[in-house]
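**Student:** Give me coordinates for this.
(2 chains)
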Protein chains: 2
Amino acid sequence: MENQSAPPPLAMSDLLLGLLACGEVFGFHTLAEASVRSSDFEQRVSLMHMAGVHAQAYDTVRQRLLAGGAQADPIIESFAGPLEIYNQRTAPASELEALVKAYVGTGIAADFIREVSAYLDSQTHEFVVGILAEPQPDSVAVPQIKAALAADPQRAGRLALWGRRLMGEAISQAQRVAVTQPELLALLMGSDDLVGFQEMITRMTANHSARMEAIGLYA
Amino acid sequence: MENQSAPPPLAMSDLLLGLLACGEVFGFHTLAEASVRSSDFEQRVSLMHMAGVHAQAYDTVRQRLLAGGAQADPIIESFAGPLEIYNQRTAPASELEALVKAYVGTGIAADFIREVSAYLDSQTHEFVVGILAEPQPDSVAVPQIKAALAADPQRAGRLALWGRRLMGEAISQAQRVAVTQPELLALLMGSDDLVGFQEMITRMTANHSARMEAIGLYA
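**Tutor:** The predicted structure follows:
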């Protein structure tokens, strides 16, 4: 039994798939909230459909967990706490904040999952990349956000703060996930790959900055 | 041209399909809001899937409008105003109110659309009935609402008021729709069928009472 200190690869894949599935539920919520708040009917419908894609992705990921013999639901639900806290701490106060949350928050979550999946077996990695290839809110959100800021440039400062808060809360809750799921932390920090971990954070920060720049803001 | 006082059947079908499609977007919102507020993960996922069904139904109805040669989007969007007002005036203040709104509001809307579709050609009627056969939130909502009321019977009075408010606002906005869409009003009130109209209101009220009774409340 002494050699069981490292968790088996399957369990790690299951954990990441559980996080991904749970993230799809919260991604659904973020897009649905942006849809509810939208004052433009066409945009409302676009965001509704993007929310629907998250609902379907949840099923696809859960089915893969079940097909692999995992106890899917308890694994998925184990991530609900941190994601719910993130969601509550980033409740949007306006249509524009909801749209930025949909754009920035979905981007950060996808980056994180994609990065972590690179540590796993290639089959799981490819599956995860396929799921994350689902339509992103960028095409809807970016022009709308830019138009709103062009119409009222005074909002830029507050919105830049909002973007930073979304990133900050995402990091806080990622840390919380890592603490409650030590196997995931071990995967990220272990195997002499501390350099790789630092690079991952650097890439995620760069992606976040690029997303903020795309809407004319500094991260 | 004198014999064109009655609107052609196709245009009436298009109007009802437009109302149905628009209602699916707001049905999506109601179910999504109940999902976001849900404290139970399993229920959260169930409500998310029901919201997703509304998003798909929107596409199905819109495709039928387009296939019939209608200018689908302007027709659909013409109903957004009254539905948005309904939605804003019935913003739930708690998880339980969100759940009752999903249950009661979806039921009232489905009743109304089903009743009106009976005045149209049989193909449209059957199509509409098929769309409305989508999973309803009852199976999720009813046991949860009853459990919440059993745990705290004091909430019954306030929740009964909430149910009445949902019905009252639905009637108000149905009247607004009728005023802004006189063809629809003519369909309901015209052709010597005032008795039929009264019976429709009676059936809808009876269905609403039955739904409230199913959760242990009086309408």
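**Student:** tell me which element residue A:169 is part of?
**Tutor:** Residue A:169 is part of helix A:155-180, with elements assigned from DSSP states H and E.
**Student:** Show me how far that helix is from its chain's centre.
**Tutor:** 11 Å (CA atoms, centre = their mean, to the nearest Å).
**Student:** helices and strands around the helix or strand that that helix is followed by, which ones?
**Tutor:** Per DSSP H and E, the first helix or strand lying C-terminal to helix A:155-180 is helix A:182-189. Applying 3 or more CB pairs under 8 Å, 6 or more residues apart in numbering or on different chains; DSSP states H and E, one finds that helix A:182-189 makes contact with helix A:9-37, helix A:106-117, helix A:155-180, helix A:194-214. In this view, the C-beta of every residue, glycine as well, is placed from N, C-alpha and C.
**Student:** winner for burial among those?
**Tutor:** Comparing these on average neighbours per residue, with mean count of other CB atoms under 10 Å in any protein chain shown, the densest one is helix A:9-37 at a mean of 24.
**Student:** buried set for the helix or strand following that helix?
**Tutor:** Tracing the chain C-terminally past helix A:9-37 and defining elements by DSSP H and E, one meets helix A:41-67 next. Residues of helix A:41-67 classed as buried by neighbour count (16 or more other CB atoms under 10 Å in any protein chain shown): A:41, A:43-58, A:61-62, A:64-65.
**Student:** Return only those of those residues found close to chain B.
**Tutor:** When CB under 8 Å from any CB of the partner chain is taken as the criterion, the members of the buried residues of helix A:41-67 that contact chain B are A:41, A:44-45, A:48-49, A:51-52, A:55-56, A:58.
**Student:** Look up how far chain B lies from the nearest residue to residue A:177 once chain neighbours are set aside.
**Tutor:** The shortest distance from residue A:177 to any residue that is not its chain neighbour, by CB to CB, 6 or more residues apart in numbering or on different chains, is 5.0 Å, and that residue is residue A:82. Here the distance between residue A:82 and chain B works out to 13 Å (CB to the nearest CB, to the nearest Å).
**Student:** residues in contact with residue A:82?
**Tutor:** Applying CB atoms under 8 Å, 6 or more residues apart in numbering or on different chains, we find residue A:82 in contact with A:173-174, A:176-177, A:180.
**Student:** try 10 Å this time
**Tutor:** A:19, A:22, A:26, A:172-181 (CB atoms under 10 Å, 6 or more residues apart in numbering or on different chains).
**Student:** check which helix or strand covers it.
**Tutor:** Element membership of residue A:82, judged by DSSP H and E, is helix A:80-89.
**Student:** ok, now residue A:93?
**Tutor:** According to DSSP H and E, residue A:93 maps onto no helix or strand at all.
**Student:** still on that earlier bit, kindly reformat the contacts of residue A:82 as a markdown table containing pLDDT.
**Tutor:** Listed next are those as a markdown table, based on pLDDT from 0 to 100:
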| residue | pLDDT |
| --- | --- |
| A:19 | 93 |
| A:22 | 96 |
| A:26 | 96 |
| A:172 | 86 |
| A:173 | 84 |
| A:174 | 82 |
| A:175 | 79 |
| A:176 | 81 |
| A:177 | 79 |
| A:178 | 75 |
| A:179 | 74 |
| A:180 | 74 |
| A:181 | 74 |
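**Student:** quick one: which of these is nearest chain B?
**Tutor:** For the contacts of residue A:82, the minimum distance to chain B (CB to the nearest CB) is 8.5 Å, reached by residue A:22.
**Student:** quick one: contacts for the closest residue to the closest one other than its chain neighbours?
**Tutor:** Nearest non-adjacent residue to residue A:22, counting by CB to CB, 6+ apart: residue A:79, 3.9 Å away. With contact set as CB under 10 Å, 6+ apart, residue A:79 has these partners: A:15, A:18-23, A:25-26, A:173, A:176-177, A:180-181, A:184, B:41.
**Student:** out of the contacts of residue A:82, what pair is the most spread apart?
**Tutor:** Taking every pair in the contacts of residue A:82 and measuring CB to CB, the maximum separation is 18.8 Å, between A:26 and A:179.
**Student:** so what secondary structure elements neighbour the helix holding residue A:169?
**Tutor:** If you count contacts as 3 or more CB pairs under 10 Å, 6 or more residues apart in numbering or on different chains; DSSP states H and E, helix A:155-180 packs onto helix A:9-37, helix A:80-89, helix A:95-100, helix A:106-117, helix A:138-151, helix A:182-189, helix A:194-214.
**Student:** Now tell me which of those the model trusts least on average.
**Tutor:** Set side by side, the helices and strands packed on helix A:155-180 differ in mean pLDDT, and helix A:182-189 is lowest with a mean of 71.
**Student:** Would you check how far apart the residue nearest the centre of chain A and chain B are?
**Tutor:** What sits nearest the mean C-alpha location of chain A, by CA atoms, centre = their mean, is residue A:109, with 1.6 Å. Summarising the geometry, the distance separating residue A:109 from chain B, computed by CB to the nearest CB, is 16 Å.
**Student:** Tell me the spatial nearest neighbour of residue A:118, not counting adjacent residues.
**Tutor:** When the adjacent residues along the chain are set aside, residue A:118 lies closest to residue A:125, with 6.0 Å between them (CB to CB, 6+ apart).
**Student:** er, residue A:13 actually
**Tutor:** Once its chain neighbours are removed from consideration, residue A:13 has its nearest residue in residue A:124; the separation is 4.3 Å (CB to CB, 6+ apart).
**Student:** what about the one you found, helix or strand, and which?
**Tutor:** helix A:122-132.
**Student:** contact partners of that helix?
**Tutor:** Counting by CB under 10 Å, 6+ apart, the neighbours of helix A:122-132 from elsewhere in the structure are A:9-10, A:12-14, A:16-17, A:20-21, A:23-24, A:53-54, A:56-58, A:60-61, A:64, A:68, A:106, A:109-111, A:113-114, A:116-121.
**Student:** Please identify which of the contacts of residue A:82 is nearest to residue B:148.
**Tutor:** For residue B:148, the nearest member of the contacts of residue A:82 is residue A:26. The distance, counting by CB to CB, is 23.6 Å.
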